[in-house]
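# generate coordinates for the sequence data below:
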Amino acid sequence: MASGAAVYLLKDVPIPEFDVPRYAMLTVLEHGDLSRLNISPGKYVADNRNYEPIFNHLAKMGVTILDTPKYFLNAKGYYDVIRGNKFVYMDWPHLTPDGAKVLIPMFEPLFRKQ
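Next up, the predicted model:
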């Protein structure tokens, strides 16, 4: 930026449409597959499509856009709500401490620069 300060903006994390702990409990009680609890990338794109032009404009101005969603993608191309038998979300929009740790690889390079 003009002042020499680095500006970073985080994209929103994927937000489940359901109460993760509650649905996980119900899934376990019904002997279901916890890996089926996830967030569709299409839903994320639809929910955030209005922000993309803003991110693009800010990036052209020198803002670094941090792509948080990619850190939640699993091998099947969906966003995890449970990872390694640990909840990623404590409720709809809020990450658990384990969920926040998913973003450590995104932040580590930023702190190494200083």
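# pull out the buried residues from stretch 86-96.
87-89, 95-96 (16 or more other Cβ atoms under 10 Å). All C-beta atoms are positioned from the backbone trio N, CA, C, and that covers glycine.
# hang on, I meant stretch 54-74
65, 68-69, 71-73.
# please apply the same query to stretch 21-34.
Result for stretch 21-34 [16+ other Cβ under 10 Å]: buried residues 23-24, 27.
# mind putting these into a markdown table with distance to residue 15, secondary structure and pLDDT?
Conversion of the buried residues of stretch 21-34 to a markdown table gives the following (distance: Cβ to Cβ, whole Å; DSSP: H, G, I helix; E, B strand; the rest coil; pLDDT from 0 to 100):
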| residue | distance to residue 15 | secondary structure | pLDDT |
| --- | --- | --- | --- |
| 23 | 14 | helix | 94 |
| 24 | 16 | helix | 95 |
| 27 | 19 | helix | 96 |
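# and the residue nearest to the spatial centre of the chain, backbone torsions?
The residue lying closest to the centre of the chain (Cα atoms, centre = their mean) is residue 13, at 3.0 Å. Dihedral angles of residue 13 (phi, psi; degrees, to the nearest 10) stand at phi -70, psi 160.
# run through the residues that contact it.
68-69, 72, 93, 95, 99 (Cβ atoms under 8 Å, 6 or more residues apart in numbering).
# which of these fall in helices?
With DSSP state H as the criterion, helices contain residue 99 from among these.
# now, among the contacts of residue 13, which is nearest to residue 19?
The nearest member of these to residue 19, counting by Cβ to Cβ, is residue 93 at 11.2 Å.
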